[in-house]
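Engineer: Based on what follows, work out the 3D shape:
(2 chains)
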Amino acid sequence: MMRNRRAARTFVGCCVVLFAAAAGAQELKAEGRARLQNVEQAINDWDIASAKKELAELEKIAPEGIEPLQYFKGRIAFEEGRYAEAIDLFNSAGIDDKPGSYLRLAKETQRITRDHQKAESDHFIFFYPKGKEEILAPYALETLEAIRAALSKDLGYAPPGKIRVEVVSDARELSKVSTLTLKQIATTGTIAICKFNKLMVTSPKAVLRGYDWQDTLAHEFVHLVVSQKSHNTVPIWLHEGLAKYLESRWRGPAGLSMSPSTLALLGDRVKKDRLISFEKMHPSIALLPSAEDAATAFAEVFFAVDLIYKEQGTAGLRGVIDELVSGKDDKKAIEGATHRAFAAFEKAWLAHMKKQPFPKDMIPMSEEKVVLKDQAPGRAKREGEKKGKEINFADFGEIVEIPARKFAHLGELMRERGRAGAAAEEFGKAHRLVGDKYESVSNKYALSLLELKQVEEAERVLLGVLAIHPGSPATNVHLGRIYLVRKDLNKARAAFLEALASDPFDEEIHLSLLRIHTAQGSKPLAERARSAAMLLTGLPGEKVERIASLLGRENRSLAELSMPEAEGKREARSEPAGSTDGGR
Amino acid sequence: MGTEVRTARMLGEKLPELSLDLLAAVEIRRALERENGFSTELARAFLRKTDTLAAGQDPRRALDSRRTRFAALCLSLALALSTAIVVLTPGDWLGGVTASLTTPPRAQQARRDPITGDIELTYRYPAYSGLAPKTVPGTNGEVSALAGTEVQIKTRADRDVARADLVVNAKHSPLVVTDARELSGSFVIDKPGSYQFVFFKSGDRKIAEGPPVPITVEPDDPPKVTLLSPAEDVEIDPGQKVTLKYSVTDDYGLTSLELLYRTPRDNEDRRIPLKLDDERRLKGEYSWDLNGLKIAAGERISYYLAARDNDEVAGRKLGVSRTQYLKIYSASEHRRDAVRRAEVLWERMVTHLANRLEGPDRAADKELEKIAGQNSADQAGLELASEMLQVAGELSHQRDSPEELWTALTNIAHGFQKRLRSTATLRRLYLRAPTLHGAELDPGRRLTRAVEDEIAETEKDVLYLESLLDRQKLQELKDMAKQLANDRRELASLIEQYKQTHDPKLQESILRQAAALKSRIGELMQRMAELAKGIRDEHFNAEALSHLLPEQDMRAELDNIERLMREGKADEALAKLQEMAQQMEEMLKGLENSDDQFGNAQYPELAAKFQQFMDELRQTTQEQKRLSDQTKEIRDRYKAETRQRLSQKGQALKDQLLKETEELQKDYRGVPPDQLNPRAEKPLEDVQRELENLRNSLKVEDYDLGAESASRAERWASELSVHAEQKRQLDEMYGGPPEGRAQSKQLAEKMTKDAQKIQEINQKLQQLFPPPGAMLSEGDRDKLKELSGEQRQVQKRAQGLQQRMDDIAQIAPVFGDDATEQMEQIGRRMGEASQRIEARDPARGYSEQKAALEQLQRFQQQMKEAQSKGKGGRGLPMPMYAGSRSGGFGGNASREKVEIPAADQAPKEFRKDLLDAMKQGAPEKYKDQVKRYYEELVK
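Structural biologist: The predicted model follows:
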């Protein structure tokens, strides 16, 4: 992005000279230069409307078709998603087709999104690759509309027009449309970006365990709103604090997205008095020496926003942004919004952090990390692979307590051989040693218990781990199975929807939702789930309905998704096998 | 028809009772067959009546007896004649019978009589056969010879003829006719069939045609080629020479003999001509050097021998041996096989563990029936343990089978067996007395504890063995990756060659190789991926597997290279190949890295403890060596002093003591076993053994060992005399027969006397030695005191090592029972050494120290070897096999020379073993040599 921006500035400088030469007249020179700079500024401030307005004025005084004009017209076309037009304009502006140039960016974006499908809501257009990403569309649009409405209320701002949201298939594509390098994406775990007046997200199919894609959409939208509202004046640390804090607004109140593992880390830092000072967060949290420091800093800023919100409500948040727009620096802006000296704010902030209910033990952060399938082929579920029994030894790699890891390993050996009793005993030993710390241990333990029909105990184990790893799709699916058997449809629906928020391509989720919505008489939702299940299983509607109707029966195994009728489904599919994925 | 009527009439005349009734009956029966106007019932009634009447007649009245007798006489004569003929000419008779029973030839021609006299045949064989011409006079003309043989015929016609032809297989050729009757001619045999003579009168009028005479073509068989050795498919080392032994025979001669073989890379057979010493039959051998062939390990070469005969007529015929295969020894294949076998056992262990975990043995409320049902699980476990030992034994004999695997199997099996036996015993106890209560004695609780212990240990075993198996798979992955890299290098070298020559043929060859390589890479990558999937190590899956990803990339790259070569762009192809090399390098590096780190994640504690143990072992060994060296210096001084004394005093005593010993031996041999009570049998046996030891020791002038034997013999002799005395007293007490009492009295006295004699011998021998320390200087005595204390410290260290071994065993079965026993023995020796030194006996003290040191060094060496077979001491500790390697184990027999300890270093046990061995005797012709050898050894 930096390189891109620097190149753009150089280009603008050249444009001004060229423009002056072309315009000839001295009096026009000053106005032209000013307007060109205004156009660039407006684009950088995420104010495309103003940029367009300035450009229209410029067109009146500039000779037709001169390169600077073409360039900015291209920029605006690109920001508005008119990629073909942008390519033509960049070409006519004489932009080189080289890595990092706008021309290359427009070309790559056009290539990648050329065959995308689209779905629209009142304020968003959701572009997605042909295939199973179709499943995402209704949920994504609902999420986006919900967060838009919430932010409109909280921050008093809603972006004009319809916002583009583009889904890319993998990290490679994300790097092509975002100007980030693949290495940067891989090392930072970037999965979505808000840039060029749009949201770009990676399909959950590219991620090993899926990811909280709905929260991510909301998170990126917060960035977009803050950027537009503040004219890009909010510093990165605060940007991240606001986005993280407000990202849960699509599904409820703000501040729900602080994970127990991050909280545990912060707790540990508070205890050891190793917090990251405000000064050290400048100029960017990303420049901190370690990933753990960065995670601590993000947690700190989350609680800074939390403090403002708790004390001042949404007015406080709006106030900070307004102060920044008015040209104040971040400290002054906070002082202005909180009506106290920054030092006092800092003190209160620290006190606020210390009050948090930190978990007693450290919780592994690894499960929060977004792991791309490309980076972990050994763990990735292969295309077309059935969900089945979910035997996986690699999941135990992160267990640092060696005896527990060994017991878990033995447990999996037993599960692999269908020895549920033995497996439950071994997992039980592991679980006793590490408690709810690891998703892998708890889920495998619960699955073994479910096989033994020890449903109550399995539920207890699953709820325990869910408290430590909220949103875990596997845990939610396993809980959902239990609730479905108990005919507790509301709880089951909540569990499966929570699983869907991270792992939308698990056929079981949609089959179960079909069963639940049908039972609850929600026809449109049932139809949505039915279509998704058909798409993922490749089975005709009647079969999908039959399978769904069997789910939750007491005599069926709770330990795995068994779909006897789905045998040979791959052959029955009309689309190529490569276009679908279990997604887990 | 007429006969019936006539007969009826004749009978009517002879038998008046029947008169015309019979004739009427015949006519009525005939009429009944047609349609008639009369009553059929009446007619049938008449017939029945006539039948009854006829049945009542005597047939003899109707016959002429004279004619009957004549006929009988004629028949008897004919029978007698036939019998005589059969007896006199049985062959003809049988032949006739046989011929009458066999089917005559289908196309039997009309028989013609010969029209010539005897035929003289002269065969002129084809030159290649090497056969001399042969004339056969007086034949019936039948011809039998090799194809290509010229047959000359001479005969005489049975009539005068103007002209005669020989018709061979329907082809006419004229015969030479002399004197109107003498005929001669010839023909060449080319196919089987027949010939015949045809006679003509003047003017081509055929007057006679002789019968066809068969022509038989004798076969010229193809050569018979037999591979005598190798008798079957064999596995050989790369570059090894193979000796082929073969025999080749042919009926008329050989022209060539070749060895034909084909490697997996050949499209056609390659040939090696072999020497032919004899033209008809030979036995030969050929030393086949396979060194020049580029054959990879695991590949097979097919081969056979082919010989051609010298048949110039029908063409040289080929004879081939059976096709056999040589397989190039592949260490990795053998390792793979070992892994597969060990994995099968591991799988069964997992099942056993599952059975135990799910079994009823640990239930609080045990049900007798269910507990009894687990007997089969105990049994299955014991069978598994013995199979593990068996497989371990077999693998230990195989070259290149991973030592860590069979060692681990051995260690695991021993522990497993022990625990299973304990479980089984406690189960039996529980089943016998399930209700026996009382905290510690409760059989139910004890069973629970035993099974819990078994589960905990089996868990460890399963995990450890699995890690070793995973590691082996990783090694295999590495091998494959190296194979891939070799293939790539080969291709690169070909492209380089092509660059130099631009030879289109070479280009073709490269393209072929690229295609083959592509498919090999595909295969290898697929196998690697499958193998990698089988590795369950958590860390390996996540980290190292990523290096196996580029399969698709590699294939695409090879496609590119192939395309570039077709386009003649060798430089670009090489550049691509170079990129591929980097990819492979990364993959290999990743695998190496995984191998290095293997087990670190899973067994960090074990790795650390193991390292500590190794350090401690090294230090203990060093310390023991230092102490031994110091004791040796004192011992040497002591020895020099005592040598003089012993040689003087001992020599004087030797003969006398030997004589006394032999007399005593004779006495004890003469003790009738039934004169003593059964409890005396053992002391009697022992005293005889010790006397034999004493005698041998005296012979070789080992007074030290002799003194010990004498001391033990004294003890047994004394015990024996007590038994003899008891017997005497009993006989007296119970008033046995006087003879018996006299005998027991005599024996008791003799035993007492002999015991005294042994005591005296012992005393004399003991007196030979100066009291410990008597010949040492003050300084040496002080030093010995100091050394004794230090030796105790080292002993404590050895005990500490034992403790560390126990700790390690809590984590994984790295050490077997043998290793633990060895370490215990080392400790005991150190204790013994300490005591000896403390008692100022540097000779024996040093001997024990030396033995302890050697055992320590051996232990250390075994540990090092085991780890070097792992990966140089990092990561997962390898199991150690510390067994004796006899009795089937340790097939990878050490090629090191067996070191025989010097006499002064030989521990007492060793010398005693030798003396025991002397007692076993040797074959007569070797007795002297063996004796000399032993004497030399124990000097």
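
Engineer: Now the phi/psi pair for residue 207, please.
Structural biologist: As the question left the chain open, I've gone with chain A. For A:V207, the backbone dihedrals (degrees, to the nearest 10) come out as phi -110, psi 140.

Engineer: you looked at the wrong chain, it should be chain B
Structural biologist: Per-residue torsions, B:I207: phi -110, psi -20 (degrees, to the nearest 10).

Engineer: just the one 5 residues further on next, same as before
Structural biologist: Backbone dihedrals for B:P212, given as degrees, to the nearest 10, come out at phi -70, psi 140.

Engineer: So for it, what's the nearest residue that isn't a sequence neighbour?
Structural biologist: Once flanking residues are discounted, B:P212 sits nearest to B:S194: 3.7 Å by C-beta to C-beta, 6 or more residues apart in numbering or on different chains. Every residue, glycine included, has its C-beta placed from N, CA and C.

Engineer: could I get the one helix or strand the one you found maps to in CSV with only the CA atoms?
Structural biologist: Assessed by DSSP states H and E, B:S194 sits inside strand B:193-201. Taking Å, rounded to 0.1, in the frame of the first residue of the first chain, the C-alpha atoms of strand B:193-201 are listed here in CSV:
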residue,chain,number,x,y,z
GLY,B,193,6.0,-90.8,-45.0
SER,B,194,6.6,-94.0,-47.1
TYR,B,195,8.0,-95.3,-50.3
GLN,B,196,7.2,-98.2,-52.5
PHE,B,197,8.5,-100.0,-55.5
VAL,B,198,6.6,-100.0,-58.8
PHE,B,199,7.5,-102.4,-61.6
PHE,B,200,6.8,-101.8,-65.2
LYS,B,201,6.9,-104.1,-68.2
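
Engineer: In that strand, which residues are buried?
Structural biologist: Within strand B:193-201, the residues scored as buried using 16 or more other C-beta atoms under 10 Å in any protein chain shown are B:G193, B:S194, B:Y195, B:Q196, B:F197, B:V198, B:F199, B:F200.

Engineer: Output the residues you listed in TSV; the columns should cover distance to B:E725.
Structural biologist: Output for the buried residues of strand B:193-201, formatted as TSV (distance: C-beta to C-beta, whole Å):
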residue	distance to B:E725
B:G193	109
B:S194	110
B:Y195	113
B:Q196	116
B:F197	118
B:V198	122
B:F199	125
B:F200	129
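
Engineer: Stretch B:409-428 near chain A anywhere?
Structural biologist: No: against chain A, stretch B:409-428 shows no contacts by C-beta under 8 Å from any C-beta of the partner chain, the least distance being 15.5 Å.

Engineer: And that stretch, what's buried?
Structural biologist: Quick answer for stretch B:409-428 (16+ other C-beta under 10 Å): B:409-417, B:419-420, B:422-424, B:426-427.

Engineer: Residue of the stretch 201-350 of chain B closest to chain A, please.
Structural biologist: Residue nearest to chain A within the stretch 201-350 of chain B: B:V350 (5.7 Å; C-beta to the nearest C-beta).

Engineer: need the contact list for that residue.
Structural biologist: Residues near B:V350 by C-beta atoms under 8 Å, 6 or more residues apart in numbering or on different chains: A:L413, A:M414, A:R417, B:V462.

Engineer: Double-check the second one against B:R356; I have them as touching.
Structural biologist: No: taking contacts as C-beta atoms under 8 Å, A:M414 lies outside contact range of B:R356: 11.4 Å.

Engineer: ok, the closest residue to A:F221 other than its chain neighbours - contacts?
Structural biologist: For A:F221, ignoring the flanking residues on the chain, the nearest one in space by C-beta to C-beta, 6+ apart is A:I147 at 5.2 Å. Shown in contact with A:I147 (C-beta under 8 Å, 6+ apart): A:L217, A:A218, A:F221, A:V222, A:L246, A:E247, A:R249, A:W250.

Engineer: Please repeat the previous calculation with a cut-off of 6 Å.
Structural biologist: By C-beta atoms under 6 Å, 6 or more residues apart in numbering or on different chains, the contact list for A:I147 reads A:A218, A:F221, A:R249, A:W250.

Engineer: which is the next helix or strand following the helix or strand that the second one is a member of?
Structural biologist: When elements are defined using DSSP H and E, A:F221 is found to belong to helix A:213-230. Toward the C-terminus, helix A:213-230 is succeeded by helix A:236-246 as the next helix or strand (DSSP H and E).

Engineer: Show residues contacting that next one.
Structural biologist: By C-beta under 6 Å, 6+ apart, the surrounding residues in contact with helix A:236-246 are A:219, A:222-223, A:226, A:254-255, A:281, A:284-285, A:298, A:301-302, A:304-305.

Engineer: Now the residue in the stretch 451-584 of chain A that chain B sits nearest to: closest residue in space that isn't a chain neighbour?
Structural biologist: In the stretch 451-584 of chain A, the residue that lies nearest chain B is A:L452 (10.2 Å; C-beta to the nearest C-beta). Taking C-beta to C-beta, 6+ apart, and ignoring the residues beside it in sequence, A:L452 has A:A420 as its nearest neighbour in space, at 5.2 Å.

Engineer: Next, the contact list for that neighbour, please.
Structural biologist: Listed by C-beta under 6 Å, 6+ apart, the contact set of A:A420 reads A:S448, A:E451, A:L452.

Engineer: tell me the helices in the stretch 51-200 of chain A, going along the chain?
Structural biologist: For the stretch 51-200 of chain A, helices defined by DSSP state H, counting those that start in this stretch occupy the ranges A:67-79, A:83-92, A:102-113, A:136-154, A:171-178, A:182-188.

Engineer: Pick the most deeply packed of those helices.
Structural biologist: The highest mean neighbour count among these, using mean count of other C-beta atoms under 10 Å in any protein chain shown, belongs to helix A:67-79: a mean of 23.

Engineer: Tell me which other helices or strands that one touches.
Structural biologist: Applying 3 or more C-beta pairs under 6 Å, 6 or more residues apart in numbering or on different chains; DSSP states H and E, one finds that helix A:67-79 contacts helix A:48-61, helix A:83-92.

Engineer: Can you tell me which of the buried residues of stretch B:409-428 is nearest A:H510?
Structural biologist: Nearest to A:H510 out of the buried residues of stretch B:409-428 is B:I412 (C-beta to C-beta; 47.8 Å).

Engineer: Pretty sure the closest one sits against B:P813.
Structural biologist: Yes: the pair B:I412 / B:P813 is scored as a contact, 5.0 Å apart, by C-beta atoms under 6 Å.

Engineer: ok so, going back, now render the helices and strands packed on helix A:67-79 as CSV, adding mean pLDDT and distance to B:P737.
Structural biologist: Below are these laid out as CSV (pLDDT from 0 to 100; distance: least, C-beta to C-beta, whole Å):
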stretch, mean pLDDT, distance to B:P737
helix A:48-61, 89, 135
helix A:83-92, 95, 129
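
Engineer: Ok, which of those helices comes nearest B:L276?
Structural biologist: helix A:83-92 (82.4 Å).
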